[in-house]
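Trainee: Got a predicted structure plus its sequence, pasted below:
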Amino acid sequence: MKSSTKDKMKGSFHEAKGKVREMAGDITDNPKLEVEGKVEKIAGKARKKIGQVKKVFGH
């Protein structure tokens with residue numbers, strides 16, 4: 001599997017995981033968990049973008 005595809009898959013996974021954490025933090029009124037979720041979601045989006053860039057350059 002190409003590294004660009006791996007990056008996109010991992011990014012999607014982390015983005016989904018971050019959304020769940022963010023929602024859990026909101027539901028339980030835990031601001032720390034909510035922030036951790038937002039950070040992980042953003043990191044996942046960045047990882048997906050890296051995969052897209054790699055695909056453009058053929059990596």
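Mentor: That came in fine, so what should we check first?
Trainee: Where does pLDDT dip in the chain?
Mentor: 59 (pLDDT under 70).
Trainee: what about the nearest residue to A24 once chain neighbours are set aside, how many neighbours?
Mentor: Spatially, and ignoring its direct neighbours in sequence, A24 is nearest to L33 (5.9 Å; Cβ to Cβ, 6 or more residues apart in numbering). The way it works is simple: take the backbone N, C-alpha and C, and place the C-beta from them, glycine included. Residues lying near L33 (other Cβ atoms under 10 Å) number 17.
Trainee: I'd assumed R21 was in contact with L33.
Mentor: Yes. Under the criterion of Cβ atoms under 8 Å, L33 makes contact with R21 at 5.9 Å.
Trainee: Report the secondary structure state of the residue nearest to A24.
Mentor: Here L33 is recorded as helix under DSSP: H, G, I helix; E, B strand; the rest coil.
Trainee: For the helix or strand where A24 lies, enumerate the helices and strands it packs against.
Mentor: In the assignment (DSSP states H and E), A24 maps to helix 3-27. Contacts defined by 3 or more Cβ pairs under 8 Å, 6 or more residues apart in numbering; DSSP states H and E place helix 3-27 against helix 31-57.
Trainee: what about the residue lying closest to D26 once chain neighbours are set aside, distance to K8?
Mentor: Leaving aside its sequence neighbours, D26 sits nearest to E34 (Cβ to Cβ, 6+ apart; 5.5 Å). Going from E34 to K8 by Cβ to Cβ, to the nearest Å gives 26 Å.
Trainee: same check, this time on R21
Mentor: Taking Cβ to Cβ, one finds R21 at 20 Å from K8.
Trainee: okay, now M1: neighbour count?
Mentor: 6.
Trainee: Likewise for A24?
Mentor: For A24, the neighbour count with other Cβ under 10 Å is 14.
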